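Novice: I'll drop the sequence and a predicted model, then ask my questions.
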Amino acid sequence: QVQLAESGGGLVQPGGSLPLSCTASGSIYSIYSMGWYRQGPGNGRELVATITSGGVTDYADSVKDRFIISGDYAKKMVYLQMSNLKPEDTAVYYCNAVNAVTISMNRYPELWGQGTLVTVSS
């Protein structure tokens, strides 16, 4: 079964840091890109950051210079290092994978994790 699993959420004070990680499992041969989205209270799901297998990154303006995305596509993992966190960063953070292909050549245009809650509060 192909799936994404996030870890690393929790409670952090404003100005603090928190790392997130995501692992893709299920005999995956390749993934085009992985990334992070979030959904805050009363908001829709929005892009946080993505990274392609070639290393091209994209960030939401609201997190540039505070968050860093990195990936290890050999391990099918993506990371998000969050720094200088603000209360408005409070959200459920979802891992996303685009164009995953398994070793049996099953294709998954898009995969989502179940999400991990990040709460920024004093």
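Specialist: Ah, there it is. Numbers count the residues shown, from 1 in each chain.
Novice: give the contact list for the residue lying closest to residue 89 once chain neighbours are set aside.
Specialist: Leaving aside its chain neighbours, residue 89 sits nearest to residue 120 (5.1 Å; criterion: C-beta to C-beta, 6 or more residues apart in numbering). C-betas here are computed from N, CA, C, even on glycine. Residue 120 makes contacts with 12, 13, 14, 16, 85, 86, 87, 88, 89, 90, as judged by C-beta atoms under 8 Å, 6 or more residues apart in numbering.
Novice: Report the buried members of the residues you listed.
Specialist: 12, 85, 89, 90 (16 or more other C-beta atoms under 10 Å).
Novice: The last one and residue 41 touch, don't they?
Specialist: Yes: the pair residue 90 and residue 41 passes the contact test of C-beta atoms under 8 Å, sitting 7.2 Å apart.
Novice: In this protein, where is pLDDT below threshold?
Specialist: Low-confidence segments of the chain (pLDDT under 70): none present.
Novice: nearest spatial neighbour of the residue nearest to the spatial centre of the chain, skipping sequence neighbours?
Specialist: Nearest to the geometric centre of the chain sits residue 36, at 2.7 Å (C-alpha atoms, centre = their mean). Closest residue in space to residue 36, ignoring its immediate chain neighbours: residue 48 at 4.2 Å, by C-beta to C-beta, 6+ apart.
Novice: I'd say that neighbour and residue 96 touch.
Specialist: No: using C-beta under 8 Å, residue 48 makes no contact with residue 96, being 9.5 Å away.
Novice: Between these two, which contacts overlap?
Specialist: In contact with both residue 48 and residue 96: 35, 36, 37, using C-beta under 8 Å, 6+ apart.
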